[in-house]
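In: here you go, sequence then predicted model.
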Amino acid sequence: MREADLVVIGGGPAGMAAAVEAARNGVEKVIILERDHTLGGILPQCIHNGFGLHLFGEELTGPEYADKFIKQVEELNIDVKLNTMVLDITQSRIVTAVNSQDGLIKIKAGAIVLAMGCRERTRGALNIPGTRPSGIYTAGTAQRLVNIEGYMPGKKVVILGSGDIGLIMARRMTLEGAQVKMVCELMPYPGGLNRNIVQCLKDFDIPLRLGHTVVNIHGKARLEGVTIAKVDEKGKAIADTHEFVECDTLLLSVGLIPENEISRDASITIDDVTAGPVVNESAETSVPGIFACGNVVYVHDLVDNVTNNGYIAGRNAARYLKERAGDTVKANANILQVRPGQGVRCVIPQLVHGNCPEDVTLSFRVDGIYRDVMIEAKADNQVIKSVKKRITTPGEMESITLSREMLQSIESGKIEVCLSSLERKGD
């Protein structure tokens, strides 16, 4: 049995940020366990720019952004184990992992940060009828093939789903000479950032078919085409709207799922909406001493926000270790429950200490496109904070910050984040 002050599971932007921040706050023995052969998570295959604008004030590519943190990890002498798969964690913070060099290893951790990221939904999760030819990929897999492996998945492409990776791959495939025939989106609004809609689709005259989905796949050895159809308000295909589209490649950008299998095995409470751990303002889960950050908690839209979330987890893990060493870990008293209200799909964190010594930022996603709305935080049957917003979309995270004085004055034990004066924008 090995021992460590802090074990960080996952070496992507959230995990590296958490490890770096913990080390800077006095944690001596930090170990990062990463199942890939390099640090950085998804960033090494994201060769487009647009990263780091908020955090560094400059446009970086994914590899450049990752390299900044890899260098910090090295400078702080943080122990890193690559090609290492974590098999299990326990509520007593024992981590079981395996790699080819050490074999099966167990680490007794003073604290754990979960930063496993997320994975893409595949065709199997969609139950699309049809044959099983080659040429069907998730957008992230296609991105790796083009940017890392140097292979082109195909020449005539249809993309299902308007998530950011799918939008970026529409541009990438076009730049590499492929014909991207269209992007189909089941919902009546796009799922990605507006800047990606403009830069990746409109700038290249790639059609975006909202309210459409793929209802059949054709081909034997290789994909020959797909049938698309318009859908009703319940997402079901409308008769007489079927259209055959010839293509040899179908890319799926239909959502991301937080990687929380080991979280569930450790009996960590999972939010049904986000599919990530329920956390408080310190990024701590329902199990004391186990923290979670980044896309394993909820899928962020910007890597800068992922990094900031990692900083919060690392800083509070360090604080937990110091308080634990002095036997002063505080009980979860005066907990405020944070809930989504009208127009809001989910809110993070779901729990906030009423006696929190710092201001708390609540991040959330709306459930549709709205314009000219007020973002409101309500408690004790009154609005305690409001922010006017010209337009809100599901593809972009929104936030509202509550001061510690506001939190300390709440008596009901509940906070609701909602939108008022709703005006749903037309398609």
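Out: Yep, that arrived. Numbers count the residues shown, from 1 in each chain.
In: next, name the residue at the spatial heart of the protein.
Out: Nearest to the mean C-alpha position of the chain, by CA atoms, centre = their mean, lies Val299 at 2.1 Å.
In: in terms of helices and strands, where is that residue?
Out: Counting by DSSP states H and E, no helix or strand carries Val299.
In: residues touching it, list them.
Out: Neighbour list for Val299: Cys118, Leu256, Pro258 [criterion: CB atoms under 8 Å, 6 or more residues apart in numbering]. For every residue, glycine as well, the C-beta is placed using N, CA and C.
In: cool, and Thr213?
Out: The contact partners of Thr213, taken as CB under 8 Å, 6+ apart, are Leu160, Cys184, Leu186, Ile228, Ala229, Val231, Gly235, Ala237.
In: just the ones of these in helices?
Out: Judged by DSSP state H, helices contain none of the contacts of Thr213.
In: now the helices: where do they sit in the stretch 51-200 of the chain?
Out: 62-75, 123-126, 139-144, 164-175, 194-196 (DSSP state H, counting those that start in this stretch).
In: name the residues of the shortest one that are buried.
Out: Within helix 194-196, the residues that qualify as buried by neighbour count (16 or more other CB atoms under 10 Å) are Asn196.
In: phi first, then psi, for the closest residue in space to Gly11 that isn't next to it in sequence.
Out: Nearest residue to Gly11, sequence neighbours excluded (CB to CB, 6 or more residues apart in numbering): Glu34, at 3.2 Å. Torsion angles at Glu34 (phi, psi; degrees, to the nearest 10) stand at phi -130, psi 130.
In: tell me the spacing between Glu396 and Asp203.
Out: For Glu396, the distance to Asp203 equals 19 Å [CB to CB, to the nearest Å].
In: give me the more crowded residue out of those two.
Out: Neighbours of Glu396 and Asp203, each counted by other CB atoms under 10 Å, are more numerous for Glu396; the result is 15 against 11.
In: name the SS class of the more buried one, please.
Out: Here Glu396 takes the coil state, with states given by DSSP: H, G, I helix; E, B strand; the rest coil.
In: any buried residues in the lowest-mean-pLDDT helix or strand in the chain, and which?
Out: Ranking every helix and strand in the chain by mean pLDDT, DSSP states H and E puts helix 123-126 at the bottom, with a mean of 87. Of the residues in helix 123-126, Arg123 count as buried by neighbour count, 16+ other CB under 10 Å.
In: in this structure Ser182 contacts Gly161, no?
Out: Quick fix: residue 182 is Met, not Ser. No: using CB atoms under 8 Å, Met182 is not in contact with Gly161; the gap is 11.8 Å.
In: show me which of those two is the more surrounded one.
Out: Legend: neighbour count by other CB under 10 Å for Met182 and Gly161, higher for Gly161 (27 against 20).
In: correct me, but the more buried one touches Leu256?
Out: No: Gly161 is beyond contact range of Leu256, at 10.4 Å (criterion: CB under 8 Å).
In: re the thing from before, pick out the shakiest of the helices of the stretch 51-200 of the chain, pLDDT-wise.
Out: Note on these: helix 123-126 shows the lowest mean pLDDT, a mean of 87.
In: packing partners of that helix?
Out: Using 3 or more CB pairs under 8 Å, 6 or more residues apart in numbering; DSSP states H and E, no helix or strand is in contact with helix 123-126.
In: then it to PDB, C-alphas only?
Out: Extracted C-alpha coordinates of helix 123-126, given in PDB (Å, rounded to 0.1, in the frame of the first residue of the first chain):
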ATOM      1  CA  ARG A 123     -24.400   5.200 -32.500                       C
ATOM      2  CA  GLY A 124     -25.400   2.400 -30.000                       C
ATOM      3  CA  ALA A 125     -26.800   5.100 -27.700                       C
ATOM      4  CA  LEU A 126     -29.000   6.500 -30.400                       C
END
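In: distance from it to the middle of the chain?
Out: Computed by CA atoms, centre = their mean, to the nearest Å, the separation of helix 123-126 from the middle of its chain amounts to 19 Å.
In: by residue count, what's the longest helix in the protein?
Out: Looking across the chain with DSSP H, the single longest helix is helix 303-325.
In: off-centre distance for that one?
Out: Relative to its chain's centre, helix 303-325 lies at 18 Å (CA atoms, centre = their mean).
In: re the thing from before, put together a markdown table for the contacts of Val299, with pLDDT, distance to Asp372 and neighbour count on each row.
Out: Shown next, in a markdown table, are these (pLDDT from 0 to 100; distance: CB to CB, whole Å; neighbours: other CB atoms under 10 Å):
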| residue | pLDDT | distance to Asp372 | neighbour count |
| --- | --- | --- | --- |
| Cys118 | 95 | 32 | 24 |
| Leu256 | 92 | 30 | 21 |
| Pro258 | 95 | 32 | 24 |
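In: make CSV from those residues and add distance to Glu28 to it.
Out: Below are those laid out as CSV (distance: CB to CB, whole Å):
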residue, distance to Glu28
Cys118, 31
Leu256, 34
Pro258, 30
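In: take these and keep only those in strands.
Out: Of the contacts of Val299, the ones assigned to strands by DSSP state E are Cys118, Leu256, Pro258.
In: closest one of those to Ile165?
Out: When the ones in strands among the contacts of Val299 are compared for distance to Ile165 (CB to CB), Leu256 wins out at 8.3 Å.
In: list the contacts of that closest one.
Out: Contacts for Leu256 (CB under 8 Å, 6+ apart) come out as Cys118, Arg119, Glu120, Arg121, Gly163, Asn295, Val299.
In: picking up where we left off before, format the helices of the stretch 51-200 of the chain as a markdown table; extra columns: distance to Ala283.
Out: A markdown table is the format used below for the helices of the stretch 51-200 of the chain (distance: least, CB to CB, whole Å):
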| stretch | distance to Ala283 |
| --- | --- |
| helix 62-75 | 18 |
| helix 123-126 | 28 |
| helix 139-144 | 25 |
| helix 164-175 | 23 |
| helix 194-196 | 27 |
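In: to Val214, which of these lies closest?
Out: helix 123-126 (8.3 Å).
In: what's the lowest-pLDDT member of the contacts of Thr213?
Out: Lowest pLDDT among the contacts of Thr213: Gly235, with 88.
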